[in-house]
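Visitor: Sequence and predicted model, in that order:
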Amino acid sequence: MKQVTRWLRRAWNWLTSMRTALILLFLVAVAAIPGALLPQRSLNEEKVSDYIANNGRLAEIYDKLQLFDVFSSSWFTAIYVLLTISLVGCIIPRSWEHYKAMRAKPVRAPKRLTRMPHHHTGHLDAEPDEVLDQVRGRLKGWRVSVFSAEEDRAGARSLSAERGYAREFFNLVFHLGLVAILVTIAAGRMVYYEGQVIVVTESGSTGAVALDQSTEFCNTSDSNFDSFRSGPLYRGKLSPFCFVAHDFTADYLPNGQAEMFTSNISYAEGEDITTDPKTWRDYELKVNHPLRLGGDRVYLQGHGFAPTFTVKWPNGETRTQTIQFRPDDPTNFLSSGAMRFDPPAGMYPDLYERRQNQLAIEGLFAPTAEWTGENGALLSSSFPELRDPAVAIDVYRGDNGLDTGVGQSIFSLDSSLVHSGQLQRIERVNLDQGESVTLDDGTELTFDGASEYANYQIARDPFQGWVLVSAVVMLGSLVASLAIKRRRVWVRVRPSATGGTDLEMAGLARTDRAGWGEEFEKLYRDIFDLPDPDEVEGGAGEPDEDELIEGPRT
């Protein structure tokens, strides 16, 4: 039992040493590298799936090592927790030692003050006790202790003064702030929620927008989000509010670089949701200028384009869809996506036959078309603004697989359906806005144009304010700990054989010595009532011969 206790004590001492804390801090930095180099499921699960599909066995090994979920992995969490424990274990003993040091008297003067980096001697006409009282009066704000001749190492009356205890105090506050940041971030990730929603706006549209596209979003249910994630302690309670996106505007530089995204919205909270939308409050949402509603924040993150297609079946019935495409080129917004259409009821004798005649579209969209390649048939985009939209698409017929219960991406068709022959390509065509293509059975497919969509993020982290406070305290205490200097002054007095008092003083900076020499010299001049060197050089008056003879000896 004693051996186990000894082993646990050694393990605790090792974990709470500053060396271990620095090693763990370095490991946190190294462990975060895969999170920056590899796609993460928490940010984009589709990119992770594509990476695994394209990299085979290596990607599977990465997945088993949780490299696609770095910041929620067990090994990263273990390092994070050990770092927090190590910092707490370092800080608590240091805090106690500093508390005891702050209550302790300054140390006695060394026997030989001449060994100190700053040293002066001089003579004053007053008695030793009066000199010590005078020096003590000059040391306001210092912690001072006076020692008798029996207590002094050199057998004379002496005074010890120390200043700069706040340096260590702020140093400890800095470490406490660092621990507070780690704790508040961890607590926030336990209870946070974050959702993404795409809203197609009518502004900037070059064609008809499908009637079923709503520009309103309500933060009342997890199912209202296009994607949603939350912490393990999230209990499904959302702060109720709604907003309507009126428009989206993107400002571009001449080279196509985005300068600013803006979206005008109207919103209401709580019971005001049921009031007339015309009475809702307006807000101009911009990048890095979120709408704050209590503990929730609504961010404008980005945008993209949603092409509109209309299918006219041989019996005259039509279906129109507007679906967002994924921007594959973040510069000029060449985008990819897919659409699926069900034939009208009654066109086929049974459900099976109807499924075999579903239509699917997959291809590229360009907001400002540029045709290159052989015969000018290769589509690319020359500018990110919606100026001359066009699409390059493949049209498929067959079973879309929507009734299988297996989820599919809205941006691409299931490749297994194409490979198995359930979906067969019947047409490959390039279309400008307003152009149509007629399929082999007389079905007409028309590219009507496109609308712009905005991507909104709704996030709640009740500990975010505490993270900010912790960061401000940590940075402020770091600056204070660097600005404050720990220094000591010793003064020793002896009665002079000719009358008066011989005084010896020395100074020592316990940290860096920058600026301490000037402060010590000023204290020396104050004690002996000497003029400032600048005043003497400026013509304030030269000391006469008697002052030089009778004045301080250095």
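Guide: Nice, thanks for sending it over. Residues are numbered from 1 along each chain as shown.
Visitor: what's around residue 302, how many residues?
Guide: 17 (other CB atoms under 10 Å). Placement of C-beta: from N, CA and C, glycine included.
Visitor: Also residue 229?
Guide: 17.
Visitor: Wasn't it part of a helix?
Guide: No - counting by DSSP: H, G, I helix; E, B strand; the rest coil, residue 229 is not found in a helix; it is strand.
Visitor: low pLDDT regions in the chain?
Guide: Applying pLDDT under 70 to the chain flags residues 202-213, 511-515, 534-554.
Visitor: Next one: the residue sitting furthest away from the middle of it relative to residue 41, how far apart?
Guide: The centre of the chain is farthest from one residue, residue 498, which by CA atoms, centre = their mean lies 71.1 Å away. For residue 498, the distance to residue 41 equals 87 Å [CB to CB, to the nearest Å].
Visitor: Tell me who's in contact with residue 256.
Guide: Going by CB atoms under 8 Å, 6 or more residues apart in numbering, residue 256 touches 331-332, 383-384.
Visitor: Only whichever of the residues you listed are buried, select them in PyMOL.
Guide: Only the buried entries of the contacts of residue 256 go into this PyMOL selection, using 16 or more other CB atoms under 10 Å:
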select buried, resi 332+383+384
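Visitor: State the pair within the contacts of residue 256 that is farthest apart.
Guide: Distances among the contacts of residue 256 were taken as CB to CB; the most separated pair is 331 and 383, at 9.4 Å.
Visitor: Tell me where the stretch 301-450 of the chain has strands.
Guide: 318-322, 326-327, 335-341, 358-366, 369-372, 378-381, 390-398, 423-432, 436-438, 444-460 (DSSP state E, counting those that start in this stretch).
Visitor: and the residue nearest to residue 188 when sequence neighbours are not counted, how many neighbours?
Guide: Distances taken as CB to CB, 6 or more residues apart in numbering put residue 463 closest to residue 188, at 3.6 Å, once the chain neighbours are dropped. Using other CB under 10 Å, residue 463 has 19 other residues around it.
Visitor: and residue 463, what are its phi and psi?
Guide: Backbone torsions of residue 463, given as degrees, to the nearest 10, read phi -100, psi 0.
Visitor: if I pick it, what's in contact with it?
Guide: 184-185, 187-188, 191.
Visitor: Those residues into JSON lines, with extra columns for neighbour count?
Guide: Shown next, in JSON lines, are these (neighbours: other CB atoms under 10 Å):
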{"residue": "184", "neighbour count": "21"}
{"residue": "185", "neighbour count": "17"}
{"residue": "187", "neighbour count": "17"}
{"residue": "188", "neighbour count": "18"}
{"residue": "191", "neighbour count": "16"}
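Visitor: Now distance to residue 37 too, for those residues, in JSON lines please.
Guide: Below are the contacts of residue 463 laid out as JSON lines (distance: CB to CB, whole Å):
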{"residue": "184", "distance to residue 37": "27"}
{"residue": "185", "distance to residue 37": "22"}
{"residue": "187", "distance to residue 37": "28"}
{"residue": "188", "distance to residue 37": "25"}
{"residue": "191", "distance to residue 37": "29"}
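Visitor: Among these, which one lies nearest to residue 104?
Guide: Of all the contacts of residue 463, residue 104 sits closest to residue 184, with 34.1 Å by CB to CB.
Visitor: Let me see the contact set for residue 321.
Guide: Taking CB under 8 Å, 6+ apart, one finds 210, 308-309, 339, 341 in contact with residue 321.
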